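Participant: Output the structure for:
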Amino acid sequence: MRIVIVGAGKLGYSIAQLLAEDQYDVVVVEIDEKRREVVKNSLDVLTIGGNGCSPNTLDDPDIRDADVLIASTDSDEVNMVTCMMAKNYGVKHTVARIRNTEYALTAKDLLNQGMNIDLILNPERITATEINHILMTPSALDVDDFAEGKVRMFEARMSDASPYVGVPLKDLEIPKQILLFRRHKMIIPHGDDMLEPGDNVYFVGQQSAIKEFEETFVNTYEKIERVMIIGAGRTGRFLAPMLEEQGLFVKVIEKNKDRCQLIAQKLENGIVLCGDGTDIDLLTEEGIAEADVVICITEDDKLNLLLALMAKHLGAKKTIVRVARNEYVELMEKVGVDIVLSSRLLSSGEVLRFVRKGGIVSVSLLEGAKAEALEIILPDDCEVIGKSLKDIKLPRACLVCAVVHDNEAVVPNGNTVLYAGDRIIIFVKSEFVKRVMPFFESRG
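Facilitator: The predicted structure follows:
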């Protein structure tokens, strides 16, 4: 499959990196020679210098008739025109990054039908939605729902006092829902493995069982009622109204007056303060110690880390940081930030789901894209149909952790048989995805 990426900025580079690691045939088009050189010297992809929406560029043999074109330049309008023109040059599917909320929300039909854009990426909206989803499950570091809500995965961190620490998994008296955990690397667990303090653990199972389990979890936070957001960029303007709709009291701090006015228009009961988020006196006066969670979503990764550490020092119960650079995620978690989200990884997960298509319903990238959680609908003629899991020679780096059959979700065992139309949720280390996917793909 040949995939063309127009624009080698931060998002374009991240998508190109993931797709290249997934062994797709990737072509990157970039007009800026310095950016193109960085991609050329860092990634195993073909690079072309030129304007991505120029007919001369689109008529290049390496671009014409490509399977997918992803327009990720800094301009929404350039991305839209590029996708529209690409279809005229035989490109089968197009993806556009569109950050303007008016385009993404009010002109969606025009973009999909009039301009033939198959997938619209709005990284800020995707990030805001993910933060909102996580906050509705206070005990979790991350939450993902699969199979139309029938299966839930949540991530939690083991404390020294946890009764699950130091006990072989086979001896733990909990529902069979521990399916993957991380110490300093991703591990697909087996019966003799043990959890250690500081491990991030993923629990997967029926949504009702997971919700009940959450209530007894050692690290469960108190119910969230008061939220402080530092930064009123696009992510903040999406997020604040979402949280207010959930019944939370929202306080926003932003030093740009124009942004303050924009976000104030979207809130009914929340408070917007025009001030510097690094001003300790301001944070103290505005009750940061009473905030249940402080969300740092400025456009500067280093500033977000500083703000989160200051918030913790001043008494905030929980901190969430949005970063652009994927490599900062693990570092920030190690120095005390509770939840770190990469907007690039979240958006790249949407692209991976779209590119892989077939029976894949969703893709969740875990731990900086070291592992993936995939939801797949099994086609009639794939290799695993009619076989029990114990008879399918899957790599040890892959685990089928939930199966939805006849609208009922179960945590499978070795005797579970897979049928056509079943939805399965699998965990797999990213480096093994290419080896695992043929088991679940149509042989036609």
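Participant: For the stretch 1-150 of the chain, which segments count as strands?
Facilitator: Along the stretch 1-150 of the chain, counting by DSSP state E, counting those that start in this stretch, strands occupy 2-6, 25-30, 46-49, 68-71, 93-97, 119-121, 142-146.
Participant: Alpha carbons only: can I get stretch 137-157 in PDB?
Facilitator: Extracted C-alpha coordinates of stretch 137-157, given in PDB (Å, rounded to 0.1, in the frame of the first residue of the first chain):
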ATOM      1  CA  THR A 137     -13.400   7.500  35.200                       C
ATOM      2  CA  PRO A 138     -11.500   9.100  38.100                       C
ATOM      3  CA  SER A 139      -9.500   6.000  39.000                       C
ATOM      4  CA  ALA A 140      -8.000   5.600  35.500                       C
ATOM      5  CA  LEU A 141      -4.900   7.000  33.900                       C
ATOM      6  CA  ASP A 142      -6.500   6.200  30.500                       C
ATOM      7  CA  VAL A 143      -9.800   4.800  29.400                       C
ATOM      8  CA  ASP A 144     -10.900   3.200  26.100                       C
ATOM      9  CA  ASP A 145     -14.300   1.600  25.200                       C
ATOM     10  CA  PHE A 146     -14.600  -1.000  22.500                       C
ATOM     11  CA  ALA A 147     -17.500  -2.900  20.800                       C
ATOM     12  CA  GLU A 148     -19.900   0.000  21.200                       C
ATOM     13  CA  GLY A 149     -19.300   0.200  24.900                       C
ATOM     14  CA  LYS A 150     -19.600  -3.500  25.700                       C
ATOM     15  CA  VAL A 151     -15.900  -3.800  26.500                       C
ATOM     16  CA  ARG A 152     -13.800  -1.300  28.500                       C
ATOM     17  CA  MET A 153     -10.100  -1.000  29.100                       C
ATOM     18  CA  PHE A 154      -8.700   1.200  31.800                       C
ATOM     19  CA  GLU A 155      -5.100   1.900  32.900                       C
ATOM     20  CA  ALA A 156      -4.100   2.400  36.500                       C
ATOM     21  CA  ARG A 157      -0.800   2.700  38.500                       C
END
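Participant: any chance of the strands of the stretch 1-150 of the chain in TSV, plus mean pLDDT and distance to Ile271?
Facilitator: From N, CA and C alone the C-beta is placed, and that goes for glycine too. Listed next are the strands of the stretch 1-150 of the chain as TSV, based on pLDDT from 0 to 100; distance: least, CB to CB, whole Å:
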stretch	mean pLDDT	distance to Ile271
strand 2-6	96	41
strand 25-30	96	43
strand 46-49	96	48
strand 68-71	96	38
strand 93-97	93	32
strand 119-121	90	31
strand 142-146	81	27
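Participant: highest average neighbour count across those strands?
Facilitator: Highest mean neighbour count among the strands of the stretch 1-150 of the chain (mean count of other CB atoms under 10 Å): strand 68-71, with a mean of 28.
Participant: measure the residue lying farthest from the centre of the chain to Met85 for me?
Facilitator: Within the chain, the residue lying farthest from the chain centre (CA atoms, centre = their mean) is Asn56, at 35.2 Å. Using CB to CB, to the nearest Å, Asn56 is found at 11 Å from Met85.
Participant: other SSEs contacting the helix or strand harbouring Arg322?
Facilitator: Arg322 is part of strand 319-323 when elements are defined by DSSP states H and E. Other helices and strands packing on strand 319-323, by 3 or more CB pairs under 8 Å, 6 or more residues apart in numbering; DSSP states H and E, are helix 123-135, strand 293-296, helix 301-313, helix 328-334, strand 339-342.
Participant: same thing but at 10 Å, please
Facilitator: Judged by 3 or more CB pairs under 10 Å, 6 or more residues apart in numbering; DSSP states H and E, the packing partners of strand 319-323 are helix 123-135, strand 226-230, helix 234-245, strand 293-296, helix 301-313, helix 328-334, strand 339-342, helix 343-356.
Participant: distance between the first one and the chain's centre?
Facilitator: By that I understand helix 123-135. Counting by CA atoms, centre = their mean, to the nearest Å, helix 123-135 is centred 9 Å from the centre of its parent chain.
Participant: what does the third one give?
Facilitator: Its chain's average C-alpha position is 18 Å from that of helix 234-245, according to CA atoms, centre = their mean.
Participant: other SSEs contacting the next helix or strand after that helix?
Facilitator: Per DSSP H and E, the first helix or strand lying C-terminal to helix 234-245 is strand 249-254. Packing partners of strand 249-254 (3+ CB pairs under 10 Å, 6+ apart): strand 226-230, helix 234-245, helix 257-264, strand 271-274, strand 293-296.
Participant: in the helix or strand just after the fourth one, what counts as buried?
Facilitator: On the C-terminal side of strand 271-274, the nearest following helix or strand under DSSP H and E is helix 280-285. Neighbour counts over helix 280-285 (16 or more other CB atoms under 10 Å) mark Leu283 as buried.
Participant: What of stretch 300-313?
Facilitator: Under 16+ other CB under 10 Å, the buried positions of stretch 300-313 are Asp301, Leu303, Asn304, Leu305, Leu306, Leu307, Ala308, Leu309, Met310, Ala311, Lys312.
Participant: hmm, back to that, want to throw the helices and strands packed on strand 319-323 into TSV with distance to Leu195?
Facilitator: Shown next, in TSV, are these (distance: least, CB to CB, whole Å):
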stretch	distance to Leu195
helix 123-135	22
strand 226-230	30
helix 234-245	32
strand 293-296	25
helix 301-313	25
helix 328-334	17
strand 339-342	20
helix 343-356	25
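Participant: can I get the ones you listed in TSV with distance to Ser162 and mean pLDDT?
Facilitator: Shown next, in TSV, are the helices and strands packed on strand 319-323 (distance: least, CB to CB, whole Å; pLDDT from 0 to 100):
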stretch	distance to Ser162	mean pLDDT
helix 123-135	20	91
strand 226-230	27	96
helix 234-245	29	95
strand 293-296	22	96
helix 301-313	21	95
helix 328-334	17	83
strand 339-342	18	90
helix 343-356	27	87
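Participant: In JSON lines, list the strands of the stretch 1-150 of the chain along with distance to Ile229.
Facilitator: Below are those laid out as JSON lines (distance: least, CB to CB, whole Å):
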{"stretch": "strand 2-6", "distance to Ile229": "32"}
{"stretch": "strand 25-30", "distance to Ile229": "34"}
{"stretch": "strand 46-49", "distance to Ile229": "38"}
{"stretch": "strand 68-71", "distance to Ile229": "30"}
{"stretch": "strand 93-97", "distance to Ile229": "23"}
{"stretch": "strand 119-121", "distance to Ile229": "23"}
{"stretch": "strand 142-146", "distance to Ile229": "19"}
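Participant: These: which one's closest to Phe238?
Facilitator: Closest to Phe238 of the strands of the stretch 1-150 of the chain is strand 119-121 (CB to CB; 13.8 Å).
Participant: Not counting that closest one itself, show me its contacts.
Facilitator: Applying CB atoms under 10 Å, 6 or more residues apart in numbering, the external contacts of strand 119-121 come out as 11, 15, 68, 70-72, 79-80, 83, 93-99, 103-105, 107-108, 111-112, 346-348, 350-351, 353-355.
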